[in-house]
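[1] Need a 3D model of the following:
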Amino acid sequence: MTTRPPTRPSESDVDLGGPIEREGHETLLPSVTRSVLSVKTYVGADPLADAVPPLVPVKQILDDHRGEGRPRGARTGDVIGGRYIVDGQLGRGGMGRVLRVRHQALGKAFALKLIKSVIATNPKIREMFYREARLASALTHDNICSIVDFGVDEDHGLFMVMELLDGQTVHQKLRQSGKLSPKVACDIMWQVGDAVRFIHSRQILHGDIKTENIFLVRTAAHRRMIKLLDFGLARADLGRTEGIDGTPEYLAPERIDGAPASQASDIYALGIVFWELLTGTMPFSGELVDVFRMHREVPVPPPSQHCDDPLDERADQLISRATAKDPGARHPDVQAFMYELRALMGMLGMDQGGRRRVAPDAARERRELDHRVKAAAEVFGAVAIPMASVDPTGRVRVANPAFLEFLGVAGDAGGLELRDSALPEVYPGLFEDLHEVATKRRPIKRVIYLNEGGDRVVEAAVVLSAAPSGAEVTAGEVHLVLHPLRALLG
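    Presented below is the predicted three-dimensional model:
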């Protein structure tokens, strides 16, 4: 068996029959054994590459900290993004100021967040800003604040436009009124849990769940409605945590030790929030080093020990499990968290575990979205052509079974590195191509020849293309597809 190019047969010699039979079952491509790289071909530009604002803003937005062109503070009457007129300021946060604005043409009011210039100068922060804004703007849920627009203004810098909410944050409510009744706390947690369950089902993490990011909306029907805010955007202000992103009082122990946000760390934060709602205080507070030590070493005390009124022991059990030091000991997902919460709400005599009526149109729209997401996953998993999404270094985030079979890998794609597979041996320029596609956003096509043994050879195309900039999950990654072209004789 050699690695030389196979002899090119004439068209009359080419086997254009069906899929190749191997080991008693049908497959479109043989497992990787050997191939010879042929010519590289650019196959056109990504049609979605220009569909989102560039990561390098106009005038380099801050001229590399020199002060030239530094965004100035927006004032009443200023126009941001060419279409939003500033009416006044709503508040300030870790990321910057929140303004009340009107759309110049529509006259509709929105909330607009202007990002601090000291944050916006960081290219990684700008990239994260766009990524998080795309993620949030793609989500439709009753309990998630809608992102309607985002971009960069030449005079004012990065901005994000959200629906304008009337009300206050849960954090403000607790400061004004103290702890909440168990029924009110459970109702809020049910809505927050449903929002987090929804984003997790889309493979999205929040990373900064806290009472400051839970907004209590005043509604005409006087029904309690919450909106979850800021999908990780507050994580940009890292100064006081020396590079650990998140809000210290809600951080899971593993995140303090440097692990990234995960579903388990979001569940930990839900447990801390529930404790705060029931007691009106934080389980751990004080100097940063002390807060981190307690998250690592001290079990979260039962909230019943800090409540004057009797509290069902199920609340203690729920919070204890959600805030376990070991991520594996927490609820396996938010659905399990909500299942226990429903049982607690049933003990409190609340309506069927807090389930609320949803308008028929909204319910139908959510079902249709769920079906589309599930259908996409089913098609991706069942298609016989090897497909995967990888980062520019070759780490596989997701791959269909055909791709794993092609590499001869058992199990799933989690943690798979292409460097550890046989693919680089038969595709020597793989990593250079991955980097080029990710940076230049121009797809590349390679033609390779795969030998199964003997005289059996398959000519196949390898197509690398940058994920659309607006992709919810795979933005910044490279999509890799292998497609058989024809069978040849060696």
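[2] rest of the way, CA atoms for contacts and neighbours
    Fine.
[3] Doesn't G88 belong to a strand?
    Yes. If the criterion is DSSP: H, G, I helix; E, B strand; the rest coil, then G88 is within a strand.
[4] I'd like the distance between it and V101.
    Remark: distance between G88 and V101 (Cα to Cα, to the nearest Å) = 7 Å.
[5] neighbours around the residue lying closest to R100 once chain neighbours are set aside, how many?
    In space, R100 comes closest to A111 once its chain neighbours are excluded; the distance is 4.9 Å by Cα to Cα, 6 or more residues apart in numbering. Neighbour count of A111, defined by other Cα atoms under 10 Å: 23.
[6] A111 in helix, strand or coil?
    Reduced to three states by three-state DSSP, A111 is strand.
[7] cool, and D316?
    helix.
[8] I'd guessed it sits against H306; true?
    No. Assessed by Cα atoms under 8 Å, D316 is found out of contact with H306, at 11.0 Å.
[9] Among G88 and V101, which residue is more densely surrounded?
    V101 (28 against 16).
[10] who are the neighbours in contact with that one?
    By Cα atoms under 8 Å, 6 or more residues apart in numbering, the contact set of V101 is 84-88, 109-112.
[11] Could you export those residues to a markdown table, including columns for distance to L480 and pLDDT?
    A markdown table is the format used below for these (distance: Cα to Cα, whole Å; pLDDT from 0 to 100):
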| residue | distance to L480 | pLDDT |
| --- | --- | --- |
| Y84 | 40 | 93 |
| I85 | 44 | 94 |
| V86 | 45 | 94 |
| D87 | 48 | 94 |
| G88 | 48 | 91 |
| A109 | 43 | 93 |
| F110 | 40 | 93 |
| A111 | 39 | 92 |
| L112 | 38 | 91 |
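[12] Which one of those sits in the busiest neighbourhood?
    Ranking those using other Cα under 10 Å puts L112 first, with 27 neighbours.
[13] correct me, but that one touches G96?
    No. Taking contacts as Cα under 8 Å, L112 lies outside contact range of G96: 10.3 Å.
[14] The protein - how does it break down into domains?
    11-50+384-489, 71-163, 167-356 (automatic domain parsing).
[15] so which of the ones you listed comes closest to A375?
    A375 sits nearest to domain 167-356 of all these, at 13.0 Å, using Cα to Cα.
[16] Let's test this: mean pLDDT of the closest one, rounded?
    Regarding domain 167-356, the rounded mean pLDDT is 86.
[17] now stretch 404-412
    On average, stretch 404-412 scores 72.
[18] Backbone dihedrals for the residue nearest the centre of the chain, please?
    Centroid check for the chain by Cα atoms, centre = their mean gives I204 as the closest residue, at 3.2 Å. Dihedral pair for I204: phi -120, psi 140, per degrees, to the nearest 10.
[19] cool, the one 3 residues further on as well?
    For G207, the backbone dihedrals (degrees, to the nearest 10) come out as phi 90, psi -10.
[20] right, and it touches D266 too?
    Yes. With contact defined as Cα under 8 Å, G207 counts as touching D266 (6.1 Å).
[21] Spit out the contact partners of the residue nearest to R100.
    Counting by Cα under 8 Å, 6+ apart, A111 has contacts 90, 98-101, 161-165.
[22] how does it look with 6 Å?
    Residues counted as contacts of A111 (Cα atoms under 6 Å, 6 or more residues apart in numbering) are 99-100, 161-162, 164.
[23] Who does it form a beta bridge with?
    R100, M162 (DSSP bridges).
[24] in the stretch 51-200 of the chain, which spans are strands?
    For the stretch 51-200 of the chain, the strands defined by DSSP state E, counting those that start in this stretch cover 79-80, 84-92, 96-103, 109-115, 147-153, 157-163, 167-169.
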